[in-house]
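K.L.:
predicted model, plus sequence, below.
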Amino acid sequence: MPEDVQERFREVMAHVATPVSVVTGLSDGGSPYGSTVSAFSSLSLRPPMVLVSLIKASRLLAVIRETGRFGLNVLGSSHSALARTFATSRTPEEKFAGVEWGVDHGVPRFAGALGWLACSVEQEVEGGGHIVVLGSVLAVSGWAGEPLTYHRRSFGTHVTLDR
């Protein structure tokens, strides 16, 4: 593929606002793992399903494959620092240090997340350097607030336009 197509694709995609979440998993040994993602979406209402995209080489993906479960912590507009922390290659211990979290339905759940889902893995689909994980929703919680979004390589939030 020509390099200019890849660069233009990157620029076009930077103009697409996406929600920001942290996907989490708990190893069989009880260690938490997590990564910030903007590639997640609802997939189905009946049955409730979501999809998330994870880098093939990620330790989080290995943990999710071990356990067959993952958590999806939907971040609010006040969580940009948390999103940055979980977007790094820091160790799991460093990422979770100072974060208020607990285990719910076998996956890490962040206190104060705008929304939270516990999911079981239904299927994986390979796509480029990523694996798209399709998950059935086992449990869900949500609260009022503004979402954290990623747009033009910056964090922000959604603003409702007058109708």
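P.N.:
Alright, I've got the coordinates. Keep in mind it's a predicted model, so treat the numbers as computed, not measured.
K.L.:
which residues of the chain fall in helices?
P.N.:
3-14, 59-67, 80-86, 92-96 (DSSP state H).
K.L.:
state the distance from the closest residue in space to Ser120 that isn't next to it in sequence to Val50.
P.N.:
Residue nearest to Ser120 in three dimensions, not counting chain neighbours: Ser136, with 5.1 Å by Cβ to Cβ, 6 or more residues apart in numbering. No exception for glycine: its C-beta is placed from N, CA and C like everyone else's. According to Cβ to Cβ, to the nearest Å, Ser136 and Val50 sit 9 Å apart.
K.L.:
of these two, which one has the most company?
P.N.:
A direct count of neighbours by other Cβ atoms under 10 Å for Ser136 and Val50 places Val50 higher, at 21 against 17.
K.L.:
for the more buried one, give me the pLDDT.
P.N.:
Val50 carries a pLDDT value of 97.
K.L.:
residues in contact with it?
P.N.:
By Cβ atoms under 8 Å, 6 or more residues apart in numbering, the contact set of Val50 is 40-43, 72, 117, 119, 134-135, 137.
K.L.:
which ChimeraX command selects the buried ones in these?
P.N.:
Burial among those is assessed by 16 or more other Cβ atoms under 10 Å; the matching ChimeraX selection reads:
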select :40,43,72,117,119,134,135,137
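K.L.:
okay if I get the helices of the chain as TSV plus mean neighbour count, distance to His105 and mean pLDDT?
P.N.:
Shown next, in TSV, are the helices of the chain (neighbours: other Cβ atoms under 10 Å; distance: least, Cβ to Cβ, whole Å; pLDDT from 0 to 100):
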stretch	mean neighbour count	distance to His105	mean pLDDT
helix 3-14	10	32	80
helix 59-67	19	11	97
helix 80-86	18	20	94
helix 92-96	16	18	94
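K.L.:
I'd like the ones you listed as TSV, with distance to Trp143 appended.
P.N.:
Shown next, in TSV, are the helices of the chain (distance: least, Cβ to Cβ, whole Å):
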stretch	distance to Trp143
helix 3-14	29
helix 59-67	24
helix 80-86	15
helix 92-96	21
